[in-house]
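In: Got a predicted structure here, sequence first:
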Amino acid sequence: MKKLFIVGNWKSNKTVTEALAWLEKFKSLNPSYTSEEKEVIICPPFTLLSDMKKYIDENNLPIKLGVQNVSPFAEGAYTGEVSAREAKDFVTHALVGHSERRKYFNETDKDVLAKIKLLLENNITPVLCISDIKQLEYYLKEDDILVNNADKIIFVYEPPSAISGGGTFHAANTSDINTNSAEIEKMIGKAIITLYGGSVNPENAAEIFGLEHIHGGLPGQASLDAEKLMQIITSYNG
Ligand code: PGA
(Lines give C-alpha, C1' and ligand atoms only; values in the text may rest on other atoms or scores of the structure.)
Protein backbone atom coordinates (compact mmCIF):
# COMPACT_ATOMS: atom_id res chain seq x y z
CA MET A 1 0.00 0.00 0.00
CA LYS A 2 1.24 3.46 -0.93
CA LYS A 3 1.48 5.94 1.93
CA LEU A 4 -0.18 9.20 0.94
CA PHE A 5 1.33 12.62 1.68
CA ILE A 6 -0.89 15.70 1.51
CA VAL A 7 0.68 19.12 2.07
CA GLY A 8 -1.82 21.99 2.28
CA ASN A 9 -0.27 25.31 1.31
CA TRP A 10 -2.43 28.07 2.75
CA LYS A 11 -0.22 30.80 1.24
CA SER A 12 -1.08 34.29 2.60
CA ASN A 13 -4.56 33.46 3.87
CA LYS A 14 -6.55 33.30 7.12
CA THR A 15 -6.67 35.09 10.45
CA VAL A 16 -6.41 33.22 13.77
CA THR A 17 -10.23 33.10 14.05
CA GLU A 18 -10.53 31.69 10.53
CA ALA A 19 -7.81 29.12 11.11
CA LEU A 20 -9.45 27.87 14.32
CA ALA A 21 -12.81 27.65 12.53
CA TRP A 22 -11.09 25.56 9.82
CA LEU A 23 -9.70 23.22 12.48
CA GLU A 24 -13.14 22.92 14.15
CA LYS A 25 -14.63 22.01 10.79
CA PHE A 26 -11.87 19.50 10.05
CA LYS A 27 -12.38 17.89 13.46
CA SER A 28 -16.15 17.67 12.90
CA LEU A 29 -15.46 15.62 9.75
CA ASN A 30 -14.05 12.89 12.02
CA PRO A 31 -10.69 12.21 10.36
CA SER A 32 -10.31 8.43 10.53
CA TYR A 33 -6.98 7.85 8.74
CA THR A 34 -3.88 6.98 10.72
CA SER A 35 -0.57 8.79 10.33
CA GLU A 36 0.94 5.52 9.08
CA GLU A 37 -1.49 5.54 6.14
CA LYS A 38 -1.60 9.22 5.40
CA GLU A 39 0.56 12.14 6.40
CA VAL A 40 -1.30 15.44 6.33
CA ILE A 41 0.76 18.59 6.74
CA ILE A 42 -0.74 22.09 6.79
CA CYS A 43 1.50 25.06 6.00
CA PRO A 44 -0.22 28.21 7.32
CA PRO A 45 1.23 31.71 7.69
CA PHE A 46 3.62 32.08 10.66
CA THR A 47 1.02 34.08 12.62
CA LEU A 48 -1.23 31.01 12.95
CA LEU A 49 1.32 28.42 14.03
CA SER A 50 1.08 28.86 17.79
CA ASP A 51 -2.73 28.73 18.02
CA MET A 52 -3.00 25.94 15.48
CA LYS A 53 -0.38 23.80 17.21
CA LYS A 54 -2.18 24.20 20.53
CA TYR A 55 -5.53 23.19 18.99
CA ILE A 56 -4.06 20.22 17.10
CA ASP A 57 -2.25 18.94 20.21
CA GLU A 58 -5.24 19.39 22.52
CA ASN A 59 -7.62 17.68 20.09
CA ASN A 60 -5.19 15.04 18.96
CA LEU A 61 -5.85 15.79 15.29
CA PRO A 62 -3.88 13.78 12.69
CA ILE A 63 -2.30 16.92 11.21
CA LYS A 64 1.30 18.10 11.21
CA LEU A 65 2.38 21.68 10.65
CA GLY A 66 4.84 23.16 8.20
CA VAL A 67 6.11 26.64 7.41
CA GLN A 68 5.94 28.12 3.93
CA ASN A 69 9.42 29.61 4.16
CA VAL A 70 12.47 29.93 6.39
CA SER A 71 15.42 32.27 6.43
CA PRO A 72 18.44 31.31 4.32
CA PHE A 73 20.53 32.35 7.36
CA ALA A 74 20.87 30.86 10.82
CA GLU A 75 19.42 33.01 13.61
CA GLY A 76 20.86 36.52 14.08
CA ALA A 77 20.55 40.09 12.84
CA TYR A 78 18.24 39.40 9.86
CA THR A 79 15.22 41.64 10.32
CA GLY A 80 11.93 40.10 9.31
CA GLU A 81 13.18 36.55 8.91
CA VAL A 82 12.24 33.38 10.79
CA SER A 83 15.08 30.87 11.11
CA ALA A 84 14.74 27.10 10.89
CA ARG A 85 15.72 26.83 14.56
CA GLU A 86 12.84 29.12 15.56
CA ALA A 87 10.35 27.35 13.27
CA LYS A 88 11.25 24.04 14.88
CA ASP A 89 9.18 24.91 17.98
CA PHE A 90 6.06 24.55 15.82
CA VAL A 91 6.70 22.52 12.71
CA THR A 92 8.04 19.27 11.31
CA HIS A 93 8.08 20.36 7.65
CA ALA A 94 8.91 23.42 5.53
CA LEU A 95 8.17 24.35 1.94
CA VAL A 96 11.26 25.42 0.02
CA GLY A 97 11.69 26.89 -3.44
CA HIS A 98 8.03 27.56 -4.15
CA SER A 99 7.67 29.37 -7.51
CA GLU A 100 5.75 32.23 -5.85
CA ARG A 101 8.73 32.91 -3.59
CA ARG A 102 10.98 32.96 -6.62
CA LYS A 103 8.61 35.20 -8.59
CA TYR A 104 7.59 37.76 -5.95
CA PHE A 105 10.51 37.66 -3.49
CA ASN A 106 13.44 36.99 -5.82
CA GLU A 107 14.39 33.77 -4.11
CA THR A 108 17.35 32.16 -5.90
CA ASP A 109 18.61 28.60 -6.35
CA LYS A 110 21.43 29.47 -3.95
CA ASP A 111 18.91 30.56 -1.27
CA VAL A 112 17.02 27.30 -1.74
CA LEU A 113 20.14 25.21 -1.12
CA ALA A 114 21.03 27.30 1.97
CA LYS A 115 17.53 26.80 3.38
CA ILE A 116 17.59 23.06 2.78
CA LYS A 117 20.88 22.82 4.65
CA LEU A 118 19.53 24.72 7.67
CA LEU A 119 16.28 22.73 7.69
CA LEU A 120 18.12 19.42 7.68
CA GLU A 121 20.41 20.62 10.48
CA ASN A 122 17.28 21.34 12.51
CA ASN A 123 15.54 18.05 11.65
CA ILE A 124 12.77 19.76 9.69
CA THR A 125 11.72 17.93 6.53
CA PRO A 126 12.20 20.15 3.45
CA VAL A 127 9.30 19.95 0.98
CA LEU A 128 11.19 21.00 -2.12
CA CYS A 129 9.10 22.46 -4.95
CA ILE A 130 10.62 21.92 -8.38
CA SER A 131 9.16 23.99 -11.22
CA ASP A 132 11.17 22.34 -13.94
CA ILE A 133 13.91 19.81 -14.37
CA LYS A 134 16.54 22.51 -15.11
CA GLN A 135 16.22 23.74 -11.52
CA LEU A 136 17.01 20.29 -10.23
CA GLU A 137 19.99 20.04 -12.60
CA TYR A 138 21.41 23.20 -11.02
CA TYR A 139 20.94 21.95 -7.46
CA LEU A 140 22.57 18.63 -8.26
CA LYS A 141 25.52 20.31 -9.99
CA GLU A 142 26.11 22.74 -7.11
CA ASP A 143 25.74 20.44 -4.15
CA ASP A 144 25.32 16.78 -3.17
CA ILE A 145 22.99 17.67 -0.28
CA LEU A 146 19.85 16.50 -2.11
CA VAL A 147 21.28 13.12 -3.07
CA ASN A 148 22.88 12.53 0.32
CA ASN A 149 19.65 13.39 2.16
CA ALA A 150 17.12 12.09 -0.38
CA ASP A 151 15.34 10.03 2.30
CA LYS A 152 14.80 13.14 4.46
CA ILE A 153 13.29 15.32 1.73
CA ILE A 154 9.87 15.40 0.09
CA PHE A 155 10.12 16.37 -3.58
CA VAL A 156 7.25 18.15 -5.35
CA TYR A 157 6.86 18.53 -9.08
CA GLU A 158 4.94 21.78 -9.40
CA PRO A 159 4.84 23.53 -12.79
CA PRO A 160 3.97 27.24 -12.15
CA SER A 161 1.54 27.23 -15.12
CA ALA A 162 -0.62 24.67 -13.30
CA ILE A 163 -1.05 26.68 -10.09
CA SER A 164 -4.69 27.67 -9.64
CA GLY A 165 -5.69 31.25 -10.29
CA GLY A 166 -8.82 33.33 -9.80
CA GLY A 167 -10.79 30.38 -8.44
CA THR A 168 -9.98 28.19 -11.45
CA PHE A 169 -8.20 24.87 -11.29
CA HIS A 170 -6.11 23.77 -14.28
CA ALA A 171 -3.78 20.94 -13.30
CA ALA A 172 -1.02 19.65 -15.57
CA ASN A 173 -1.91 16.54 -17.57
CA THR A 174 -1.38 13.24 -15.80
CA SER A 175 1.13 11.79 -18.22
CA ASP A 176 3.39 14.88 -17.84
CA ILE A 177 3.04 14.65 -14.07
CA ASN A 178 4.07 11.01 -14.03
CA THR A 179 6.94 11.45 -16.52
CA ASN A 180 8.44 14.44 -14.75
CA SER A 181 8.17 12.80 -11.33
CA ALA A 182 9.89 9.69 -12.69
CA GLU A 183 12.60 11.94 -14.14
CA ILE A 184 13.15 13.64 -10.75
CA GLU A 185 13.60 10.23 -9.14
CA LYS A 186 15.98 9.13 -11.89
CA MET A 187 18.10 12.26 -11.45
CA ILE A 188 18.31 11.76 -7.68
CA GLY A 189 19.15 8.12 -8.33
CA LYS A 190 17.34 6.77 -5.25
CA ALA A 191 13.80 5.93 -4.21
CA ILE A 192 12.19 9.22 -3.13
CA ILE A 193 8.81 10.64 -2.15
CA THR A 194 7.46 12.75 -5.01
CA LEU A 195 4.28 14.80 -4.84
CA TYR A 196 2.48 16.81 -7.48
CA GLY A 197 1.36 20.41 -6.94
CA GLY A 198 -0.79 22.72 -9.05
CA SER A 199 -4.61 22.79 -8.93
CA VAL A 200 -4.99 19.56 -6.92
CA ASN A 201 -8.68 19.40 -5.98
CA PRO A 202 -11.36 16.85 -4.95
CA GLU A 203 -12.18 16.12 -8.61
CA ASN A 204 -8.67 15.24 -9.81
CA ALA A 205 -6.94 14.00 -6.63
CA ALA A 206 -7.71 10.27 -6.95
CA GLU A 207 -6.41 10.09 -10.52
CA ILE A 208 -3.23 12.02 -9.71
CA PHE A 209 -2.48 10.09 -6.51
CA GLY A 210 -2.93 6.82 -8.37
CA LEU A 211 -0.04 7.60 -10.74
CA GLU A 212 2.91 5.27 -10.43
CA HIS A 213 5.50 7.91 -9.52
CA ILE A 214 3.31 10.10 -7.31
CA HIS A 215 2.89 9.77 -3.53
CA GLY A 216 0.46 12.60 -2.89
CA GLY A 217 -0.15 16.26 -3.52
CA LEU A 218 0.35 19.87 -2.54
CA PRO A 219 -3.06 21.54 -2.76
CA GLY A 220 -3.15 25.31 -2.27
CA GLN A 221 -6.54 26.85 -2.94
CA ALA A 222 -8.49 23.65 -2.22
CA SER A 223 -6.79 23.24 1.18
CA LEU A 224 -8.33 26.49 2.43
CA ASP A 225 -11.64 24.66 2.68
CA ALA A 226 -11.57 21.89 5.33
CA GLU A 227 -14.24 19.85 3.54
CA LYS A 228 -12.40 19.97 0.22
CA LEU A 229 -9.14 18.99 1.89
CA MET A 230 -10.85 16.05 3.60
CA GLN A 231 -12.25 14.94 0.23
CA ILE A 232 -8.73 15.08 -1.21
CA ILE A 233 -7.33 13.08 1.71
CA THR A 234 -10.00 10.40 1.46
CA SER A 235 -10.10 10.28 -2.36
CA TYR A 236 -7.30 7.74 -2.55
CA ASN A 237 -6.70 4.68 -0.41
CA GLY A 238 -3.62 3.07 -1.84
P1 PGA B 1 -2.98 25.54 -6.03
O2 PGA B 1 -1.61 25.91 -5.31
O3 PGA B 1 -3.41 24.19 -5.53
O4 PGA B 1 -3.92 26.63 -5.62
O5 PGA B 1 -2.71 25.50 -7.49
C6 PGA B 1 -0.59 24.97 -5.17
C7 PGA B 1 0.66 25.69 -4.77
O8 PGA B 1 1.00 26.71 -5.37
O9 PGA B 1 1.35 25.27 -3.83
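Out: Yep, that arrived. Just so you know, these numbers come straight off a predicted model, no measurement behind them.
In: and the helix of greatest length in the chain, what does it pack onto?
Out: For the chain, the helix that runs over the most residues, judged by DSSP state H, is helix 174-188. For helix 174-188, the elements it packs on are helix 133-142, strand 154-157, strand 193-197, helix 205-209, judged by 3 or more CB pairs under 8 Å, 6 or more residues apart in numbering; DSSP states H and E. C-beta: built from backbone N, CA, C; applies to glycine.
In: and the direction of it versus that of helix 133-142, what angle?
Out: 10 degrees (axes from the mean of the first three to the mean of the last three CA atoms, to 10 degrees).
In: does the ligand sit close to helix 174-188?
Out: No - using CB under 6 Å from any ligand atom, helix 174-188 never reaches the ligand; the gap is at least 13.0 Å.
In: Return the residues in contact with residue 110.
Out: By CB atoms under 8 Å, 6 or more residues apart in numbering, residue 110 lies in contact with residue 142.
In: Which helix or which strand is home to it?
Out: helix 109-121 (DSSP states H and E).
In: Least confident secondary structure element in the chain?
Out: Using mean pLDDT, DSSP states H and E, the weakest-scoring helix or strand in the chain turns out to be helix 133-142, at a mean of 94.
In: List the residues that contact the one residue in the chain that gets nearest to the ligand.
Out: Closest to the ligand within the chain is residue 220: 2.3 Å, counting by CB to the nearest ligand atom. By CB under 8 Å, 6+ apart, the contact list for residue 220 reads 8-11, 163-164, 197.
In: Ok, which of the helices and strands packed on helix 174-188 comes nearest residue 216?
Out: Smallest distance to residue 216 across those (CB to CB): 4.8 Å, for strand 193-197.
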